[in-house]
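Colleague: With the input below, show me the fold.
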Amino acid sequence: MQTVLDYKCPACGGKAEFDSGLQLMKCPFCDTTFNVEDLQHLDQVLEQETEQEELQWDSNGQVWDEAEAAQMQVFVCNSCGGELVTDSNTAATHCPYCDNPVVLAGRLSGDLKPDLVIPFKLDKEAAKEALRKHCSGKKLLPKLFRSENRLEEIKGVYVPFWLFDADVDASIRYKATKVRTWSDSNYIYTETRHFSVIREGKIGFDRVPVDGSTQMPDDMMESIEPFDASQAVDFQTAYLSGYLADRYDVTAEKSVERANQRIKQSTEDCFRNTVTSYSSVTTEHSNIQTENGKAKYALYPVWMLTTNWNGKKYTFAMNGQTGKFIGDLPMDKAAYWKWWGIWTAILSAGSALVMLVLKSMGII
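Modeller: Numbers count the residues shown, from 1 in each chain. Coordinates of the predicted model:
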C-alpha cells in the first residue's frame, strides 16, 4: 500500500486543513490554528521511497492489465482505514468514506516534487458567488438555469504548471506607411510615404506559465491568468491539505514549445507597440532568439465548478488567487429569437423613417 500523509491538530487530534482566508492550518473541530511552517519537518516523507502494489479485480477472476495497473494505485486512510484507489496523477484528495483530507506521500517526491506553490487565497463560497455574478445580467440565460441550477461538483485543485525563465534577443523589421489626404476645388489628393522601421532589443521573461496537466484544458487555464507569481512560496505539502492536487503528466521538455510560442508572441506584441504614428504597419522580418532558459515546477490554485443543463456539461474555472472567473453559459433560444425580432423591427422602423425623410426632402 501507498503512504498517506495527514496533519493532526496539536490540541484535539482532528485532521487540520489549510484555511485560505487565514493563510494558516486550521482544525475544523476545535478551531485551533497554527503556521504551515510548523509542519515543514513532515515533508521529509516525500523523500522516502514508496512501493506500488499490483491491483487485482476479484470479480470473475478478472485482473487489471499492465496499462490500467500503471495508472491506478491504492492508499489506506489513516483516519478510518478505508482504501483509496486513485489514478497516478492524484497528489491530494479526500477519503470517500470519512471525508478526511489526505496528501498522498511519494506522488510529489524526487523530480516530481514542486519547487513553488501559490496557496489558495479564495474559498469555496467565493467561487459560488463568482458563478452567481457570472450569471447575473445575462439576458439570454435560461431562467430555469438560474433558479433550478444545482452545482454537481465544486473543487479546489492545485494545478501543475511549468514556469519558464528566458532571455530574448530580438530584431524585427516593419513596413510602415503614412497617408495624407487633402483637396482643392478640383481634385482630392493622396500622398503615401513608405518607411522601413527596425526594432532591436533584449527582454527578460520570468515565470512564464504553461499548464502541465493533460486533464486541464490549456485554453481554460490561460484564460484565468495572470497569477501573481510574486506570492509563490516554497512548496510544503501542508498547503495541499483540504484540496485536490494533480502532479504533472506533461514534462518540462514537452512544454518548452508552448512556452516559446508565448514568449515569441509577447515579444512581438511588445515591439509592435513601440511602432506608432503610422497609418499602417506590417511585419516584414522577425528574428527572435531565446537563451538562458530555465524551468521550475509549481502548483497554482484553481476552483473548478461543473453542472449539467439539458444533458450538456458546463465547466467553469476560477483563479483561486485573484478570483478571475470564466466559463460558457447556455442560451435560451426562445429569448434569442425574441430579442432578434425586436431589434429587427426597430431597425426596419428606423430605415422606413429615414426613407420618408429623404423623400420629403426630394432626395429620392
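Colleague: Just give the number of residues close to M216.
Modeller: Neighbour count for M216, taken as other C-beta atoms under 10 Å: 19. The C-beta positions use only the backbone N, C-alpha and C, and glycine is treated the same way.
Colleague: Now do the contacts for it.
Modeller: V159, D246, V302 (C-beta atoms under 8 Å, 6 or more residues apart in numbering).
Colleague: same question, I198
Modeller: If you count contacts by C-beta under 8 Å, 6+ apart, I198 has them with S171, I172, R173, Y174.
Colleague: Dump stretch 288-303 to PDB, restricted to CA.
Modeller: What follows is stretch 288-303 as a C-alpha-only set of coordinates in PDB (Å, rounded to 0.1, in the frame of the first residue of the first chain):
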ATOM      1  CA  ILE A 288      13.700  36.100 -32.000                       C
ATOM      2  CA  GLN A 289      16.400  34.100 -30.200                       C
ATOM      3  CA  THR A 290      16.000  32.800 -26.600                       C
ATOM      4  CA  GLU A 291      18.800  31.900 -24.200                       C
ATOM      5  CA  ASN A 292      19.400  31.100 -20.600                       C
ATOM      6  CA  GLY A 293      16.200  29.000 -20.400                       C
ATOM      7  CA  LYS A 294      15.200  27.600 -17.000                       C
ATOM      8  CA  ALA A 295      12.100  25.800 -15.700                       C
ATOM      9  CA  LYS A 296      10.600  25.400 -12.300                       C
ATOM     10  CA  TYR A 297       7.700  23.200 -11.200                       C
ATOM     11  CA  ALA A 298       4.800  24.900  -9.400                       C
ATOM     12  CA  LEU A 299       1.300  24.300  -8.200                       C
ATOM     13  CA  TYR A 300      -1.300  27.000  -8.800                       C
ATOM     14  CA  PRO A 301      -4.800  27.300  -7.100                       C
ATOM     15  CA  VAL A 302      -7.900  26.800  -9.300                       C
ATOM     16  CA  TRP A 303     -11.500  26.300  -8.400                       C
END
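Colleague: quick one on the thing from earlier: so which of the contacts of M216 belong to strands?
Modeller: Among the contacts of M216, the members falling in strands (DSSP state E) are V159, D246, V302.
Colleague: Out of those, which one has the lowest pLDDT?
Modeller: For those, the model is least confident at D246; its pLDDT is 80.
Colleague: measure it to K294 for me?
Modeller: Plainly put, D246 is 23 Å away from K294 if you go by C-beta to C-beta, to the nearest Å.
Colleague: neighbour count winner among these two?
Modeller: More crowded of D246 and K294, by other C-beta under 10 Å: D246, with 22 against 11.
Colleague: What's the separation between that one and N260?
Modeller: Using C-beta to C-beta, one gets 24 Å for the distance from D246 to N260.
Colleague: likewise T181?
Modeller: When C-beta to C-beta is the yardstick, T181 and N260 sit 42 Å from each other.
Colleague: So for these two, which residue has more residues nearby?
Modeller: Relative neighbour count places N260 above the other of T181 and N260, with 18 against 9, counting by other C-beta under 10 Å.
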